[in-house]
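**Student:** Sequence first, predicted coordinates after that:
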Amino acid sequence: MIRLSTIAPPLPRTKIAPHPPRAFASITDEIALSDELANHNELAIARAFLRLSVEFVLPPHYRPDVTGEMRVIGVDTKKLTKTKVVLIVKFLTPQSLKDSILQMYCTSLEPKRGLGQGADLSILTAVKCTLPQAKSEYDNGVRVMSDANITRAMLADFDSIKGGTIFDATQVDSFDNETSEHNPFGKGHNLQSVRDPIGYTRATPDPKHHGQAMCSPMRTEWIKSQGLEM
């Protein structure tokens, strides 16, 4: 007798909706390098400029009284309202403004009652003026470092602060931070404290035997110690 095996019909495939393109990602997402900045809110834009250390140039009309290129970089963010956030930037150039601080809106206009009098002095407008084709952080020249390059950069930073330098106790003259081990060749090794026993100095070694202890300037102290031990 031949048995015919029954084969169950295939289950219907569930259709999975494709992910939306990154250019139209949700405004709550962290901004990717290829994202269009204009599709995100001010908080996300400010955080991206800060996180990626993006440098950008301010157009001349932002500060007409300044001569030279005005290059800035974000150093902090500040939330003003639910929708308004400012990026606190530091001037890298020119020398006359170097390290001075400025608050900039990402997309909003300046307050009408403020110094800007409602003008558009935002970050995205500045980028558009200096790099008309730039719509994303990638267009601004931002690139993600490889793991190898990150390691090299970290090692360079470690080396720049002399990390791993061998400590040389012979070069320490100050006793501000003393330990139980003193350098007998350092400055002040013969100084005495009012709490030290008579005959004691910093360079006094322990006696190797009873005869040496009895010839020591601290003979009286050694005899006291022996009496206490007995």
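**Tutor:** Received it, and whenever you're ready, just let me know what you need.
**Student:** contacts and neighbour counts: CA atoms only from here.
**Tutor:** OK.
**Student:** Helices along the chain, start to end?
**Tutor:** Remark: helices assigned in the chain by DSSP state H are 42-51, 123-130, 147-160, 210-214, 219-229.
**Student:** And those, which one averages the lowest pLDDT?
**Tutor:** Per-stretch averages of pLDDT across those put helix 147-160 at the bottom, with a mean of 68.
**Student:** Let's test this: name the helix or strand in the chain with the lowest mean pLDDT.
**Tutor:** Lowest by mean pLDDT, DSSP states H and E among the helices and strands of the chain is helix 147-160, with a mean of 68.
**Student:** for the helices of the chain, which one sits closest to residue 30?
**Tutor:** Nearest of these to residue 30, taken as Cα to Cα: helix 42-51 at 6.6 Å.
**Student:** hmm, who's touching that closest one?
**Tutor:** 27-31, 37, 73-77, 79, 83-87, 105-107 (Cα atoms under 8 Å, 6 or more residues apart in numbering).
**Student:** Identify those among those that sit within strands.
**Tutor:** 73, 74, 75, 76, 77, 79, 85, 86, 87, 105 (DSSP state E).
**Student:** and of these, the nearest to residue 216?
**Tutor:** residue 75 (65.0 Å).
**Student:** Please report how far the closest one lies from residue 101.
**Tutor:** Computed as Cα to Cα, to the nearest Å, the residue 75 to residue 101 distance reads 9 Å.
**Student:** what sits in contact with each of these two?
**Tutor:** Listed as contacting both residue 75 and residue 101 by Cα under 8 Å, 6+ apart are 88, 89, 90.
**Student:** can you list the residues you listed in a markdown table and add neighbour count and pLDDT?
**Tutor:** Shown next, in a markdown table, are the shared contacts of residue 75 and residue 101 (neighbours: other Cα atoms under 10 Å; pLDDT from 0 to 100):
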| residue | neighbour count | pLDDT |
| --- | --- | --- |
| 88 | 19 | 94 |
| 89 | 23 | 95 |
| 90 | 20 | 95 |
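**Student:** need those in JSON lines with distance to residue 47, can you?
**Tutor:** Shown next, in JSON lines, are the shared contacts of residue 75 and residue 101 (distance: Cα to Cα, whole Å):
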{"residue": "88", "distance to residue 47": "11"}
{"residue": "89", "distance to residue 47": "12"}
{"residue": "90", "distance to residue 47": "15"}
